[in-house]
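Trainee: need a structure here:
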Amino acid sequence: MLKLMTIIGALIISSTPGINIDRSGNKGINISFSKSFNKPSINSGISYAQSSKKSSSSQIDDSSAYFSCPTYGPFIVGDPDFDVTFTYRIFGPSRRIMERLRIFSPSGSVLHTSRKTDRDYVEDSLETVTFTMPIKDYLTNKGLTFKFEILNRPSNTILCEYGTTFYPAENVNPTVQELKSGVYETKSIGFYGDGETIKNINERFDFTTIGDYLDIDYYYRLNIKDIFFKYQSSLPFSCDEVNLRFEDRENLFPYMPHNNYEVTIPLTTTFGKEKVTMSYKNRFFVNKRTLQLSTSSAAGFTLSNYFYLPINGKKIFNNKLLYLDVVGVGVSKITASFPIRYVADRSLVGLCGDSDYYVEGGVK
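Mentor: This next block holds a predicted model:
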């Protein structure tokens, strides 16, 4: 008898509203970053998600509240309307409900309302509903705010609601000082539902990793292996162009293409684990005797993966100002030119023209 009362008591507790059983499980996509950043004063959008009852678990087979939707975005002003699908489970017993999507102005007034026909919701069932998101008429540079709501009928009390504000992707142009002062974060340019709430999607650019000086290479090379920046987003990484650029008024590179005394070296990017590294896009031809470079083959030149400075050119190149030009990074198309100074102090031992100590040969 005591055992039966214990079982009945457990059943009562497990079915009592407000008392949820915590079960571990996959909570869907989760945008997170291992490092905490100081955000610049850029509005990252507004997100909210409320529910009358909410479990700490988002397993689909769990008899608790659940919400998800696929990834949507990025958008631009003038894009056509699109269908957005919400999957949900309401916490509580069977009831009559109505599903509703509302669009709000920046001041909070309702601009648009879409409703579905009332229907009976079966307790603990997983349901899906699709609405048309009217971005053609309502998405502006000020963003678009929406709420997906489930109402109890006929009282029209809101059982749960999920919403956010998203913005069109913009070709922003922050200054080099802004980009070097801290991590640059865009507004929300997309969203998705992770099983519990709506998550915003944005882009984070960390150019603080680009130093002010270029690494000294004792082999007369421009070493760029340690130049990198970071990109964080659930969106795929993209970059239109990266170049290393400097003036060559001394004509140290007579066989390289010049544009008003400038030499531009195209680079290529490699993205992995939020880190964007760079390497030379093209191979060079180098003269083994003089270390002069060329973009085409010639007598005495051989292929090389390195950009060499000419013999005795390190002294002339010392303190040279170079620019790392990044063009069209990410959906936001970040573009900037980062100054990097090449510092090549005199070597301890080397050629007599640019070393503290050198070896003289010959017969006296």
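Trainee: Now the nearest residue to Arg89 once chain neighbours are set aside: phi and psi?
Mentor: Nearest non-adjacent residue to Arg89, counting by CB to CB, 6 or more residues apart in numbering: Tyr66, 3.9 Å away. Yep, even glycine has a C-beta here, placed from its N, CA and C like the rest. In terms of degrees, to the nearest 10, the main-chain angles of Tyr66 are phi -150, psi 140.
Trainee: Which pLDDT value goes with Tyr66?
Mentor: Looking at Tyr66, its pLDDT stands at 95.
Trainee: Around it, how many other residues sit close by?
Mentor: By the criterion of other CB atoms under 10 Å, Tyr66 has 25 neighbours.
Trainee: Could you measure from it over to Tyr162?
Mentor: Relative to Tyr162, Tyr66 is positioned 11 Å away (CB to CB, to the nearest Å).
Trainee: now do Glu203
Mentor: 23 Å.
Trainee: my guess is the residue nearest to Arg89 contacts Phe86, does it?
Mentor: No. In this structure Tyr66 lies outside contact range of Phe86 using CB atoms under 8 Å: 10.6 Å.
Trainee: Provide a list of residue ranges in this protein with pLDDT below threshold.
Mentor: By pLDDT under 70, the low-scoring segments of the chain are 1-63, 215-216, 345-364.
Trainee: So which residues of it form helices?
Mentor: For the chain, the helices defined by DSSP state H occupy 2-15, 135-138, 176-181, 314-317.
Trainee: What is the burial count for the closest residue to Ile198 other than its chain neighbours?
Mentor: Leaving aside its chain neighbours, Ile198 sits nearest to Thr164 (4.7 Å; criterion: CB to CB, 6+ apart). Thr164 has 25 neighbours, counted by other CB under 10 Å.
Trainee: With Leu267 instead?
Mentor: Other residues lying near Leu267 total 20 when counted by other CB under 10 Å.
Trainee: Okay, and the beta partners of it?
Mentor: Under DSSP bridges, the beta-bridge partners of Leu267 are Val242, Tyr280.
Trainee: what do you get for Ile103?
Mentor: Residues in beta-bridge contact with Ile103 (DSSP bridges): His112, Phe146.
Trainee: What's the local residue count around it?
Mentor: Neighbours of Ile103 (other CB under 10 Å): 20.
Trainee: can you pull the contacts of it?
Mentor: Counting by CB atoms under 8 Å, 6 or more residues apart in numbering, Ile103 touches Val110, Leu111, His112, Thr113, Pro134, Tyr138, Leu144, Thr145, Phe146.
Trainee: top of those residues by neighbour count?
Mentor: Tallying neighbours with other CB under 10 Å puts Phe146 at the head of the contacts of Ile103, with 25 neighbours.
Trainee: for that one, what are its contacts?
Mentor: Neighbours of Phe146 in contact, by CB under 8 Å, 6+ apart: Leu101, Arg102, Ile103, Phe104, Met133, Gly163, Thr164.
Trainee: Just send those residues back as a markdown table, with distance to Asp325 too.
Mentor: Formatted as a markdown table, these follow (distance: CB to CB, whole Å):
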| residue | distance to Asp325 |
| --- | --- |
| Leu101 | 44 |
| Arg102 | 45 |
| Ile103 | 41 |
| Phe104 | 41 |
| Met133 | 37 |
| Gly163 | 40 |
| Thr164 | 35 |
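Trainee: which of those residues has the most neighbours?
Mentor: Busiest of those [other CB under 10 Å] is Thr164, holding 25 neighbours.
Trainee: Run through the bridge partners of it.
Mentor: Ser47, Phe146.
Trainee: Domain parsing of the chain, as residue ranges.
Mentor: Domain ranges of the chain: 41-201, 204-353, per automatic domain parsing.
Trainee: Kindly state the beta-bridge partners for Ile158.
Mentor: Counting by DSSP bridges, the residues bridging with Ile158 are Leu151.
Trainee: tell me the contacts of the nearest residue to Val77 once chain neighbours are set aside?
Mentor: Sequence neighbours aside, Pro168 is the residue nearest to Val77 in space, at 4.9 Å (criterion: CB to CB, 6+ apart). Neighbour list for Pro168: Pro74, Phe75, Ile76, Val77, Asp79, Leu139, Thr140, Asn141, Ile189 [criterion: CB under 8 Å, 6+ apart].
Trainee: any idea how far Asn243 is from Pro168?
Mentor: Distance from Pro168 to Asn243, by CB to CB: 28 Å.
Trainee: cool, Phe91 as well?
Mentor: For Phe91, the distance to Asn243 - CB to CB - is 56 Å.
Trainee: okay, the two: which has more neighbours?
Mentor: Between Phe91 and Asn243, counted using other CB under 10 Å, Phe91 has the larger neighbour count: 20 against 17.
Trainee: just checking, that one touches Ser64?
Mentor: Yes. Under the criterion of CB under 8 Å, Phe91 makes contact with Ser64 at 5.8 Å.
Trainee: Let me see the ranges of the strands in the stretch 101-250 of the chain.
Mentor: With DSSP state E, counting those that start in this stretch, the ranges of strands along the stretch 101-250 of the chain come out as 110-115, 119-121, 127-133, 144-152, 157-166, 184-185, 190-195, 198-201, 204-206, 213-214, 228-232, 239-247.
Trainee: okay if I get those as CSV plus distance to Ala299?
Mentor: Below are these laid out as CSV (distance: least, CB to CB, whole Å):
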stretch, distance to Ala299
strand 110-115, 73
strand 119-121, 83
strand 127-133, 65
strand 144-152, 64
strand 157-166, 60
strand 184-185, 49
strand 190-195, 56
strand 198-201, 55
strand 204-206, 46
strand 213-214, 31
strand 228-232, 37
strand 239-247, 27
